[in-house]
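Chemist: With the sequence up front, the predicted model follows.
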Amino acid sequence: MGYELKEVDPETDFPEIARCLFESYEDPPQKFFSVFFPIHGTGDEARREALEEAAQRLHFWHVNDPSSYWQKVVDTDSSKIVGGALWNIHKENPFAEQKHSEITWYPNDSSREYVAQALGKHVSPRARMAQRAHVDLYIIFTHPDYRRRGVGQQIMDWGKNKADEMNVEFWLDSTPYGRPLYEANDFVYVYENVNSPERENPDEKWKEMEEKIGTFTFWVMWRPVGGKYEGGKTIKPWEQ
Ligand SMILES: CC(C)(COP(=O)(O)OP(=O)(O)OC[C@H]1O[C@@H](n2cnc3c(N)ncnc32)[C@H](O)[C@@H]1OP(=O)(O)O)[C@@H](O)C(=O)NCCC(=O)NCCS
């Protein structure tokens, strides 16, 4: 029995990737997940539609972004996808120009505005600090039935090798559940991003989003070029 890290096949894998991604962020539940991947409504049909939409969007984003690199981890016995990762391999500063993707996964009301604000806040610390070529781990997940078996570590090893090969920094935004993995890999925490969209006179849709998502925190984590961080010695390029 083993777990093999492979590149995804964009034409066939995204439905299974989406299912594994949802189940990974549902156990334990992480409310911010519906900023990116909502289920509109309740019941099996709503969930099926959400998974289908997610798979299509993951495919669309992947094929339209030259920096996108998707990996899956497969159980060699069952051939099931048990984990995965979305990388953005930035050969240049990705923040040199502003990019906005249209938020198609929320209706055109204040719930969409809420998500736009949350996404803007999510990216802003790194847009300020990571203005150089770098490796970015945008999504990582291991299915709850396969945790603590080295799946996440295989993904991290790949990323560290890639960053070293390119001689660049490695950045990611961490959930509370990701932090032990990144700390085990010598990442340094550089910013606490407390995300809580706000607006004057919130309407019902906005209030529903507040209720559903609430304040969520990501820790911006960094691995310097070469991977060795020494407190008080290693230069943080964005502080120069
Ligand atoms: C974070 C996550 C991807 C870790 O995946 P994983 O496959 O279980 O991680 P690994 O088994 O490779 O762990 C490697 C090392 O990281 C550390 N680690 C990982 N999870 C840990 C945990 N829950 N508690 C303490 N240490 C942990 C340990 O040092 C571990 O080595 P060990 O098991 O020999 O002690 C997984 O918990 C997950 O998908 N969580 C939900 C989704 C999520 O929040 N993803 C992170 C987004 S930033």
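Modeler: Yep, it's here. Residues are numbered from 1 along each chain as shown.
Chemist: Could you use CA atoms for every contact and neighbour count after this?
Modeler: Noted.
Chemist: Enumerate every residue touching residue 182.
Modeler: Residues near residue 182 by CA atoms under 8 Å, 6 or more residues apart in numbering: residue 221.
Chemist: Now the most centrally placed residue in the chain: which helix or strand?
Modeler: Closest to where the C-alpha atoms of the chain average out (CA atoms, centre = their mean) is residue 139, at 2.9 Å. If you go by DSSP states H and E, residue 139 is part of strand 134-142.
Chemist: Could you list every helix and strand in contact with that strand?
Modeler: On a contact count with 3 or more CA pairs under 8 Å, 6 or more residues apart in numbering; DSSP states H and E, strand 134-142 meets helix 14-25, strand 81-90, helix 151-166, strand 169-174.
Chemist: Give me the contacts around that strand.
Modeler: Contacting residues not belonging to strand 134-142 are listed as 20-21, 24-25, 82-93, 151-152, 159, 162-163, 168-173 [CA under 8 Å, 6+ apart].
Chemist: for that strand, which positions count as buried?
Modeler: By 16 or more other CA atoms under 10 Å, the buried positions in strand 134-142 come out as 134-137, 140-142.
Chemist: number of nearby residues for residue 200?
Modeler: 5 (other CA atoms under 10 Å).
Chemist: Next, the closest residue to residue 37 other than its chain neighbours: secondary structure please.
Modeler: Among residues not flanking residue 37 along the chain, residue 54 sits closest, at 6.5 Å (CA to CA, 6 or more residues apart in numbering). Put simply, residue 54 is helix when judged by DSSP: H, G, I helix; E, B strand; the rest coil.
Chemist: Can we start the residue count at 790 from this point?
Modeler: Fine by me, first position is 790 from now on; the one you just mentioned is residue 843.
Chemist: any idea how far residue 974 is from residue 843?
Modeler: 30 Å (CA to CA, to the nearest Å).
Chemist: next one: residue 825
Modeler: Residue 825 sits 26 Å away from residue 974, going by CA to CA.
Chemist: how near is residue 790 to the ligand?
Modeler: Distance, residue 790 to the ligand, by CA to the nearest ligand atom, to the nearest Å: 15 Å.
Chemist: ok, now residue 946?
Modeler: From residue 946 to the ligand the distance is 10 Å (CA to the nearest ligand atom).
Chemist: Share the number of residues neighbouring that residue, please.
Modeler: Counted by other CA under 10 Å, the residues lying close to residue 946 total 12.
Chemist: ok, which stretches of the protein are helices?
Modeler: If DSSP state H is used as the criterion, the helices of the chain fall at 803-814, 822-825, 832-852, 899-918, 940-955, 968-973, 993-1002.
Chemist: For the third one, which helices and strands make contact with it?
Modeler: For helix 832-852, the helices and strands in contact under the criterion 3+ CA pairs under 8 Å, 6+ apart are helix 803-814, strand 857-864.
Chemist: Tell me which of the ones you listed approaches residue 991 most closely.
Modeler: Nearest of those to residue 991, taken as CA to CA: helix 803-814 at 27.9 Å.
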